[in-house]
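Peer 1: Based on what follows, work out the 3D shape:
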Amino acid sequence: MASTRTTLLFVVLLLFSIQGALTIRGQASLSIRLSVMNDLSNMTPETYSTSVLEGGVLLGALRRIQQTQPGFEFTVTEDPNYGLFLESVNGVAGREQDQTYWEILSENSGEYTQLDVGIGCYTPAENEHIVLRFSTWAK
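Peer 2: Model prediction:
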């Protein structure tokens with residue numbers, strides 16, 4: 001009886017893992033662009049092309065760029081109440097003492113819109129242009 005339960009459990013787990021693999025392979029991949037800008041220096045903006053699974057979050061796209069594009073790196077911190085915060089991009093980190101941070105924007109026809117959620121929740125659209133802009137909240 002115990003071996004029957006074990007076998008049944010194994011078959012169920014195998015079916016779930018196969019279903020998960022098929023679902024991921026069957027999902028559409030969306031192309032996006034990502035630009036890194038620094039309002040506080042004369043750094044030339046850098047632009048990267050990548051993709052994200054339909055329904056996937058921006059964090060996945062950033063990780064894909066980090067794995068495939070030499071020179072692109074980022075770090076995040078996790079707040080237990082608010083989730084992931086983009087801490088640094090390409091070695092430049094926001095600092096509370098300097099009142100600096102990485103702003104996450106979506107650009108469309110020259111209009112920039114600040115995202116209302118972070119990289120762990122935002123789901124990019126096909127051909128969207130995401131901008132990571134180093135800025136200050138000091139006025």
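Peer 1: residues in contact with the most centrally placed residue in the chain?
Peer 2: Using Cα atoms, centre = their mean, the residue of the chain that lies closest to the mean C-alpha position is residue 59, 1.9 Å off. Contacts here follow Cβ atoms under 8 Å, 6 or more residues apart in numbering; on that basis residue 59 touches 76, 84, 119, 120. C-betas here are computed from N, CA, C, even on glycine.
Peer 1: again, but for residue 115
Peer 2: For residue 115, the contacting residues are 104, 105, 106, 122, by Cβ under 8 Å, 6+ apart.
Peer 1: would you list every one of the strands in this protein?
Peer 2: Using DSSP state E, the strands of the chain run over 29-38, 46-53, 74-79, 83-89, 92-93, 100-108, 111-114, 128-136.
Peer 1: relative to strand 83-89, how tilted is the first one?
Peer 2: So the one you mean is strand 29-38. Between strand 29-38 and strand 83-89, the angle comes out at 60 degrees (axes from the mean of the first three to the mean of the last three Cα atoms, to 10 degrees).
Peer 1: ok, residues contacting strand 29-38?
Peer 2: Applying Cβ under 8 Å, 6+ apart, the contact partners of strand 29-38 are 43, 45-54, 56, 61-62, 65, 72, 89-90, 92, 107, 124-134.
Peer 1: how about 7 Å then?
Peer 2: Around strand 29-38, the neighbours that count as contacts under Cβ atoms under 7 Å, 6 or more residues apart in numbering are 45-54, 61, 65, 89-90, 92, 124-134.
Peer 1: Just the buried residues of those residues.
Peer 2: Listed as buried from the contacts of strand 29-38 are 46, 48, 50-52, 61, 65, 89, 92, 124, 128-134; burial here means 16 or more other Cβ atoms under 10 Å.
Peer 1: and residue 116, how many residues sit next to it?
Peer 2: By other Cβ atoms under 10 Å, the residues close to residue 116 number 8.
Peer 1: What pLDDT is listed against it?
Peer 2: pLDDT for residue 116: 93.
Peer 1: how near is it to residue 104?
Peer 2: As judged by Cβ to Cβ, to the nearest Å, residue 116 and residue 104 stand 10 Å apart.
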